[in-house]
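**Student:** Structure for this input, please:
(chains A and B)
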Amino acid sequence: MNLLEVKQLSKTYGSGEAAVKALKDVSFNVPKGEFVAVVGESGSGKSTLLNMIGALDTPTNGKVFIDGKDIFTMKDSKLTIFRRRNIGFIFQAFNLIPELTVEQNIIFPVLLDYQKPDKRYLEELLTVLNLKDRRNHLPSELSGGQQQRVAIGRALITRPALILADEPTGNLDTQNSSEVIALLKEASRKYEQTIILITHNRSIAASADRVLNVSDGVLTDLGGVNNEKLS
Amino acid sequence: MKSYLSLIPISAKVHRKQNRMTILCIVLAVFLVTAVFSMADMGIRMEYASAKIKHGNWHIGVHGISAADAEKIASRPDVAAVSEYDVINYDIKNDYYIGAKRAAVAGMNETFLTDTFDYMTEGRFPENENEALVSENAKDILGVKIGDSITLKTPAGDLEYTISGFERDRDSGKYDAIILCVNMTAFDKVRTANGITTVPEHFYRFNKYINVRKAINEIKEQFSLTEENVSENVVMVGLSGFSENNVVQGMYAVAAFLFLLILTAGVLMIASSLNSNVMQRTKFFGMLRCTGASKKQIKNSCAVRLCIGANQPFRQE
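**Tutor:** Alright, predicted model coming up:
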């Protein structure tokens, strides 16, 4: 069964002569547990695609179904709750809350859901992410790789069905990049989560189950389980 | 950390110094604008008080109208006070004497001395026909005090008065004469006895915040008055904001410009302080939204932030 179904997704910024078509009729499906890499040159529409799927932005046309639910027919409050519980987003710039410690940053989405964090799961995450010794440190006291691991932990804490990562290794060196990708893949296998990851790194793309290419708003499948033309 | 709202006091503590600066900027801007406008207000009040003493507390003087018309004008709801004034032998040419000194006789109602002008220096307004106020120079010339009797010699005969008070020397020093001030009943007696036909002048003061110019024009129109019937207290009308005098209108324009300038400066100072705060907050709340906070949770965070800011802007860390 497909966790994610994208149907004829389009996004146009601006109007008239200044209009920019960031996405043009993008359609594809992603089954549960798959690790998908999205590649493309700068300005091709990769981040726009991820923002649409993550409901951080609204499309001009098209639909996105996550676990069978059309997310853009939901009201804002309901969509926020759905996104909080089912989608984990990892940003290139980490976007950690600078005033909170590592542990507080990770459990923050759980607190937003008025839940108590599962302490055992939290300890497990901190161990997997190799952050146990840093749990009470602020983001400013961490390296780039450690901060990105905190961001991964925050994305995983609610056990979302879908993880979206927008160039999570963009600000990291080679070693940290490898470690972060390895962590994501392990989490994907362990918790059966679907991962869609934007990357410029060919080796990271090569390690994915499937690679989608976005070029000038048009998406094509470069290789995967079903070798289909998508738009 | 038990709730997402726990983030707010943590954040407030970290940004306390910056929040203090923002609050300080806003407070200073408000104080500055308030201080400038207060000083301007004080200046105007002082000018007003000085003008009242120097020029009298009235807006228009109307003469040459009947008592009935004067009464009608006085009954207008925008008129705060009306006083009456008339004088016999103003130029001190006729044979009116007190002792060896020439004299002028002024008739007035109580409002003239207690509200319109600040002439009385001692005693009280003459309440009956046999009482009078005299100019201060009478103390030296005649050696009199309150309660003493004085005699006014007129062409029609002598009249006795008891001194009820003194008024400051107006034109008495200039003309080397004594001025005798009586109420209108006593004045009418002197006037009638000496066959003088004068009509008193009426001084009107309008209420605060009244469009004085509009009121003056209405009175002129209603009673068919000309420029010769109506005299304006230029300074008082100018201070009320409705002068037609070119110089005064120029001052209005300068005052309005300065008012706008200071107000704009104050608003910009406050807006600039808030803006830098808002931009930082925009990034912060954007991050919270991306993390999964709903709009309601953002609003609650702002409310908590406001309460913390209101209670502890300058608490020591």
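**Student:** which SSE is residue A:105 in?
**Tutor:** helix A:102-112 (DSSP states H and E).
**Student:** Please enumerate the helices of the chain.
**Tutor:** Because you didn't say which chain, this covers chain A. Ranges of helices in chain A, per DSSP state H, are A:46-53, A:76-86, A:102-112, A:119-128, A:144-156, A:174-191, A:202-206.
**Student:** Correction: the question concerned chain B.
**Tutor:** Going by DSSP H, chain B shows helices at B:7-14, B:16-55, B:67-74, B:110-111, B:137-142, B:172-175, B:184-193, B:212-222, B:234-240, B:246-291, B:295-311.
**Student:** quick one: which of those is nearest residue A:149?
**Tutor:** helix B:246-291 (16.4 Å; CB to CB). Any C-beta I mention is one placed from the backbone N, CA and C, and that applies to glycine too.
**Student:** Is chain A within reach of the closest one?
**Tutor:** Yes: if you take CB under 8 Å from any CB of the partner chain as the test, helix B:246-291 does meet chain A, through B:287, B:288, B:289, B:290, B:291.
**Student:** Now tell me which of the helices of chain A the model trusts least on average.
**Tutor:** Lowest mean pLDDT of the helices of chain A: helix A:174-191, a mean of 81.
**Student:** What are the buried residues along it?
**Tutor:** A:176, A:177, A:178, A:179, A:180, A:181, A:183, A:184, A:185, A:187, A:188 (16 or more other CB atoms under 10 Å in any protein chain shown).
**Student:** swap in stretch A:34-51?
**Tutor:** A:34-40, A:44-51.
**Student:** ok, now which ones touch the closest residue to residue B:272 other than its chain neighbours?
**Tutor:** Spatial nearest neighbour of residue B:272, excluding adjacent residues (CB to CB, 6 or more residues apart in numbering or on different chains): residue B:25 at 7.9 Å. Residues near residue B:25 by CB atoms under 8 Å, 6 or more residues apart in numbering or on different chains: B:269, B:270, B:272, B:273.
**Student:** Just the buried residues of those residues.
**Tutor:** Here, 16+ other CB under 10 Å leaves B:269, B:270, B:273 buried among those.
**Student:** Spatially nearest residue to the second one, not counting backbone neighbours?
**Tutor:** Taking CB to CB, 6+ apart as the measure, residue B:270 lies nearest to residue B:29, with 4.8 Å between them; neighbours along the chain are not counted.
**Student:** wouldn't that neighbour be in contact with residue B:273 here?
**Tutor:** Yes: the criterion here is CB atoms under 8 Å, and residue B:29 meets it with residue B:273 at 7.3 Å.
**Student:** centroid residue for chain A?
**Tutor:** Nearest residue to the geometric centre of chain A (CA atoms, centre = their mean): residue A:164, 1.0 Å.
**Student:** Settle this for me: that one is touching residue A:86, isn't it.
**Tutor:** No: taking CB under 8 Å as the definition, residue A:164 is not a contact partner of residue A:86, at 10.9 Å.
**Student:** Near whichever residue of the stretch 151-300 of chain B sits closest to chain A, how many other residues are there?
**Tutor:** Nearest residue of the stretch 151-300 of chain B to chain A: residue B:292, at 3.3 Å (CB to the nearest CB). The tally of other residues near residue B:292 (other CB atoms under 10 Å in any protein chain shown) stands at 26.
**Student:** which residues does the residue nearest to it when sequence neighbours are not counted contact?
**Tutor:** With CB to CB, 6+ apart as the measure, residue A:84 is the residue that lies nearest to residue B:292, at 3.3 Å, once sequence neighbours are left out. Neighbouring residues of residue A:84 by CB under 8 Å, 6+ apart: A:109, A:112, A:113, A:158, B:292.
**Student:** How about residue A:134?
**Tutor:** A:102, A:141, A:142, A:146.
**Student:** ok, now with 10 Å
**Tutor:** A:101, A:102, A:103, A:126, A:141, A:142, A:143, A:146, A:149, A:150 (CB atoms under 10 Å, 6 or more residues apart in numbering or on different chains).
**Student:** what's the overlap in contacts for residue A:164 and residue A:86?
**Tutor:** Contacts common to residue A:164 and residue A:86, judged by CB under 10 Å, 6+ apart, are residue A:55.
**Student:** Lowest mean pLDDT among the helices and strands of chain B, which one is it?
**Tutor:** The helix or strand of chain B with the poorest confidence is helix B:172-175; it has a mean of 62 (mean pLDDT, DSSP states H and E).
**Student:** if we can go back for a sec, just the pLDDT at the residue of the stretch 151-300 of chain B closest to chain A, thanks.
**Tutor:** 87.
**Student:** Hmm, it is touching residue A:114, no?
**Tutor:** No: between residue B:292 and residue A:114 there is no contact under CB atoms under 10 Å: 11.5 Å.
**Student:** Overlap in contacts, those two.
**Tutor:** By CB under 10 Å, 6+ apart, the residues touching both residue B:292 and residue A:114 are residue B:4.
**Student:** now for the contacts of residue A:84, which pair is the farthest apart?
**Tutor:** The widest separation within these (CB to CB) is 9.3 Å, between A:112 and A:158.
**Student:** list the residues that contact both of these two?
**Tutor:** With CB under 10 Å, 6+ apart, residue A:112 and residue A:158 have common neighbours A:84, B:292.
**Student:** Quick one: residues contacting residue 112.
**Tutor:** Since no chain was named, I'll use chain A. A:80-81, A:84, A:158, B:3-4, B:7, B:288, B:291-294, B:297.
**Student:** nope, chain B please
**Tutor:** Applying CB under 10 Å, 6+ apart, the residues near residue B:112 are B:56, B:58, B:81-85, B:106, B:119-120, B:125, B:181, B:183-184, B:200-203.
**Student:** For residue B:15, state which of the contacts of residue A:84 is nearest.
**Tutor:** Using CB to CB, these come closest to residue B:15 at residue A:112, 20.9 Å.
**Student:** Residue A:59 versus that closest one, what's the distance?
**Tutor:** 25 Å (CB to CB, to the nearest Å).
**Student:** Surely residue B:66 is in contact with residue B:225?
**Tutor:** No: using CB under 10 Å, residue B:66 is not in contact with residue B:225, being 11.9 Å away.
**Student:** Those two: who's more crowded?
**Tutor:** Per other CB under 10 Å, whichever of residue B:66 and residue B:225 has more neighbours is residue B:225, with 19 against 10.
**Student:** who's in contact with that one?
**Tutor:** B:60, B:62, B:63, B:64, B:65, B:69, B:73, B:216, B:219.
**Student:** Nearest to chain B: which residue in chain A?
**Tutor:** residue A:84 (3.3 Å).
**Student:** residue ranges with poor pLDDT in chain B?
**Tutor:** B:171-175, B:243-245, B:277, B:309-317 (pLDDT under 70).
**Student:** near chain A, which residues of chain B?
**Tutor:** Selection of chain B residues close to chain A by CB under 10 Å from any CB of the partner chain yields B:1-15, B:283-284, B:286-297.
**Student:** Skip the chain neighbours and tell me the closest residue to the most centrally placed residue in chain B.
**Tutor:** Note on chain B: the residue nearest the mean C-alpha position is residue B:48, at 5.0 Å, using CA atoms, centre = their mean. Ranked by CB to CB, 6+ apart and with sequence neighbours excluded, the top spatial neighbour of residue B:48 is residue B:239, at 5.4 Å.
**Student:** Surely that neighbour and residue B:233 touch.
**Tutor:** Yes: using CB under 10 Å as the test, residue B:239 is close enough to residue B:233 to be in contact (9.4 Å).
**Student:** For those two, list the residues in contact with both.
**Tutor:** In contact with both residue B:239 and residue B:233: B:51, B:52, B:55, B:212, using CB under 10 Å, 6+ apart.
**Student:** if I pick the last one, what's in contact with it?
**Tutor:** Put plainly, it is residue B:212. B:59-60, B:78, B:205-206, B:232-233, B:236-243.
**Student:** which two in those residues are spaced the farthest apart?
**Tutor:** B:78 and B:238 (18.3 Å).
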